[in-house]
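Student: Pasted the sequence and its predicted model underneath.
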Amino acid sequence: MTYSIPFNKPHFTGKETKYIEDAVRRGKISGNGYYTKNCHQFFEERYGFKKCLLTTSCTDALEMCAILIDIQPGDEVIMPSYTFVSTANAFILRGAKVLFADSRKDFPGIDEDQIEALVTERTKAIVVVHYAGISCDMVKIMDVANRNKLYVIEDAAQGIDSYFENKPLGGIGHLGCFSFHETKNISSGEGGMLCVNDDTFLKRAEIVWEKGTNRSAFFRGEVDKYSWVDLGSSFLPSELVAAVLRAQLDKLDNIQDKRKQIFSRYAQNLKEWADKNGIALPYHPEYATKNGHMFYMVLEDLDQRTKVIENLKQNDVMAVFHYLGLHNSPYYEDKHKHGKLNQTNRYTDCLVRLPFYYDLDLKDVDMISNLIKAIEFN
């Protein structure tokens, strides 16, 4: 079904095809060319990341992390259950056992106070997910990790241009991962990026990225030939993908300003109604900035959420629910042995995401808000 107001609509800056044509004229459209290097430079200079490597997806970036920290069968990795399957798959593919933590009551991100109880002698890493671009409490998480000698990987798929205190998300843990899928603030259609923040991984990350070869070092003249030297795969995207991303980066500040306007308009319109009906709107701890990635509501139960989605649908507006807790998934439900995750179950049943994209007019935000406020719950 086609909606007059879809849930998402990719934004184009107008330079995408110009940069793609330029990439073709340059005569190199495989990965790690002019536009790839240009994007790397942008992120490293703007956010201070030590090393950035574009990938074909955030999934690929996460899989690179699993290789870099040398996940072995029997290793354990702690992460939230309320996340996309890629967060878990990347480590399970290497033989790890995933231990799911619950979400916070005030926020769908991982409950930081539950992490340490899940740590065992086999734990190797903590993977945190910055849900909706809102930071987890990285002081608590890094403290647990440092005391237990664990790696921290940030799944910042939704976290571009967002901060924990004055530190950019993706740049705090040992490794960070971003998504440039078309549902994200800036997009290359599909695409992602690995940020390397720990010197230990700087050289190896590039080798893993280049199929396990030292090809990049060869082209820089650092070795006289390149060969297979480590594990790896074909993680880097083509120059065409990088060219599209570069066009988006040109307009990053403008995109962010508009998305924050949309977020603020929803929040302003719905606050009184939400308070009256006991409905939670997005929560932002003092240490976290907001990057306008999404606007969600947490209803009181599944029936209320269904009513909101159906009422909007009848008015040609598409709203969606989000993740289904991974601990209850058909693949993992018989492997989860760490109790009922009450908050994850609550967000699975009660969270709804409203239409959110750059080209959404503020008048449409007002209209959607009015449709929601007209809904009566028994």
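Tutor: Alright, I've got the coordinates.
Student: Kindly indicate whether residue 222 is helix, strand or coil.
Tutor: Using DSSP: H, G, I helix; E, B strand; the rest coil, the secondary structure recorded for residue 222 is coil.
Student: What strands flank the longest strand along the chain, and is each parallel or antiparallel?
Tutor: Ranked by residue count and defined by DSSP state E, the top strand of the chain is strand 123-129. Take DSSP bridges as the rule and strand 123-129 pairs in its sheet with strand 76-80 (parallel), strand 151-155 (parallel).
Student: Extract the C-alpha set from it and format it as CSV.
Tutor: C-alpha atoms of strand 123-129 as CSV (Å, rounded to 0.1, in the frame of the first residue of the first chain):
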residue,chain,number,x,y,z
THR,A,123,32.9,-12.4,28.4
LYS,A,124,34.9,-10.6,25.7
ALA,A,125,32.9,-7.6,24.8
ILE,A,126,30.0,-5.3,25.5
VAL,A,127,28.0,-4.0,22.5
VAL,A,128,25.9,-0.9,23.2
VAL,A,129,23.2,0.4,20.9
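Student: other SSEs contacting the helix or strand that comes right after that strand?
Tutor: Going down the chain from strand 123-129, the next helix or strand is helix 138-148, by DSSP states H and E. Applying 3 or more Cβ pairs under 8 Å, 6 or more residues apart in numbering; DSSP states H and E, one finds that helix 138-148 contacts helix 115-118, strand 123-129, strand 151-155. (Each C-beta comes from the backbone N, C-alpha and C, glycine too.)
Student: Output the ones you listed in a markdown table, with distance to residue 167 appended to each entry.
Tutor: Shown next, in a markdown table, are the helices and strands packed on helix 138-148 (distance: least, Cβ to Cβ, whole Å):
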| stretch | distance to residue 167 |
| --- | --- |
| helix 115-118 | 19 |
| strand 123-129 | 13 |
| strand 151-155 | 11 |
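Student: can you redo the ones you listed as a markdown table with mean pLDDT, distance to residue 162 and mean neighbour count?
Tutor: Output for the helices and strands packed on helix 138-148, formatted as a markdown table (pLDDT from 0 to 100; distance: least, Cβ to Cβ, whole Å; neighbours: other Cβ atoms under 10 Å):
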| stretch | mean pLDDT | distance to residue 162 | mean neighbour count |
| --- | --- | --- | --- |
| helix 115-118 | 96 | 21 | 17 |
| strand 123-129 | 98 | 13 | 25 |
| strand 151-155 | 98 | 11 | 26 |
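Student: Can you show me the helices along the stretch 251-378 of the chain?
Tutor: Taking DSSP state H, counting those that start in this stretch, the helices of the stretch 251-378 of the chain run over residues 252-277, 302-314, 342-350, 362-373.
Student: Summarise which helices and strands the second one is packed against.
Tutor: Using 3+ Cβ pairs under 8 Å, 6+ apart as the contact criterion, the neighbours of helix 302-314 among helices and strands are strand 320-321, helix 342-350, strand 351-353, helix 362-373.
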